[in-house]
Structure formats: structure tokens, C-alpha cells
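J.: Any chance you can model this:
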Amino acid sequence: MTLRVALVAQLTQAKHQETHTSIDNNWFKLLSNFDCSVHILPNHMLSAKKLLKTLKPDAFILSGGGDFTFDFANDPRSELEHFILTNYKDTPILGVCRGMQAMHTISGGVLKKVDGHVQKQYSITLGCTTVSQNSYHDYGFDYCTEEYTPLSIANDGVIKAFRHKKYNWLGIMWHPERNNKAQDFNVELINKLFFKVNNESTDFSSW
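T.: Numbering: from 1, shown residues only. Below is the predicted model:
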């Protein structure tokens, strides 16, 4: 069965006072590795709710770019992320960079300024596997709220990946859609999250 993946896009300011919903085209390249259809969610709550009701997604991706805020009046993307994480708890969700920050913040966590995490390549250890990934974030956190379990922790204590203790949710602080030498690793990671065999939380610790 083809998986229906709903993708939360960036909200960007363009010329002529226009606000655009946009997404890196590399996401389509990455997701072409799977039997799935990709559906971009508009950063407009009424429209997004109508689409979600019709689509009935099998999985979500909260993409990267920017930081989560509770100022919903001025950031409809944050409002959409909050809606998804509140109403689709039984649906697999991948939070990427900002998406992981949204997961942490909505569960009661706080972000802080971090140094040294804007690098083209960054060593990530997940379970027994160490790979080189990209890292582009100025904010992060060095603890998990009680809802999450850390999976990868940098040398300075900043958490680079975590999973939800109850739901099939995964947060990562790198961008799997960007070309890198460890793309096979990212493909397998998404495959384990979205195409698991049973309904139990996916175990990434035994990677």
C-alpha cells in the first residue's frame, strides 16, 4: 500500500509582501526511495485541516528551517505543528531540526543557544552506528522531557536525536533531505519509522 505522507513546509517571506509555503525539492528526491505519495500542507490552519480530513495521512514529516514559537497569531506554521502533535498521536511522525525543536517545546521543554552546531559535517552516533551528517542549528537542548528518550547526544551534551516513549515519533537535528555520504543511513532510518511491521514503538537503540 502506498503510504500517504503529509509534509509540513517552511513559511517564508518573499518579495512584494508575499508569504510563501515552500519546501526543499530534495525532500521529493529522498522520499522517492519509498512507496509513498507526498502531500505538502499549507501554512493556513483552515486549509490544512480540510486537507488532512480528506487525506487521512499515514505519516507526517515536520521539516526544518527556523525555530518553533507559541506566537500562533504570527506563525501559522507553529500552530500547524502544534495541531499535528496534539491530534495525531497514533501516526508516525518524523521531526527534522525545527520539527524536533517543536516536539521538545510542545512537551514542555525549553530551547537554548548552542555553539558549534552549524557545520557541514557532524559526527552522529545512534545505537552502535556512527555516521557523518550535516548540522545547521543555533538552538537546541541538553535534556529530554519525560515524554522522550534521547538516542544521540553530542560531546557537549546537546541532544541530536530522540524518540517518544509511547508514540512512534522520532526527532533528529540533522537534515536527511540534504545530500550527504550517509544517505543510505537516512533512508533506512525513515524506513524503520514509517514502514514498521507492528504497532509498537520503533526501537532505534539497537541500530
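
J.: pLDDT below threshold where in the protein?
T.: The model of the chain has pLDDT under 70 over residues 197-207.

J.: any chance you could map the strands in it?
T.: 3-8, 10-13, 19-22, 36-41, 59-62, 93-96, 112-113, 118-126, 129-136, 139-140, 148-153, 159-164, 169-172 (DSSP state E).

J.: Go through these and name the closest to Asn180.
T.: strand 129-136 (5.9 Å; CB to CB). Backbone N, C-alpha and C define where each C-beta goes, glycine included.

J.: residues of stretch 45-60 that come out buried?
T.: 48, 51-52, 57-60 (16 or more other CB atoms under 10 Å).

J.: which ones are touching Asp142?
T.: 112, 156-159 (CB atoms under 8 Å, 6 or more residues apart in numbering).

J.: Equivalent analysis for Ala48, please.
T.: By CB under 8 Å, 6+ apart, the neighbours of Ala48 are 41-42, 80, 83.

J.: what do you get for Gly140?
T.: Counting by CB under 8 Å, 6+ apart, Gly140 touches 101, 111-112, 114, 117, 158-159, 173.

J.: Please report how far the nearest residue to Phe70 once chain neighbours are set aside lies from Lys112.
T.: Closest residue in space to Phe70, ignoring its immediate chain neighbours: Ser78 at 6.7 Å, by CB to CB, 6 or more residues apart in numbering. As for Ser78, its distance to Lys112 is 18 Å (criterion: CB to CB, to the nearest Å).

J.: any chance of the buried residues of stretch 45-60 in a markdown table, plus distance to Asp24?
T.: Below are these laid out as a markdown table (distance: CB to CB, whole Å):
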| residue | distance to Asp24 |
| --- | --- |
| Ala48 | 19 |
| Leu51 | 20 |
| Leu52 | 22 |
| Pro57 | 20 |
| Asp58 | 22 |
| Ala59 | 18 |
| Phe60 | 17 |
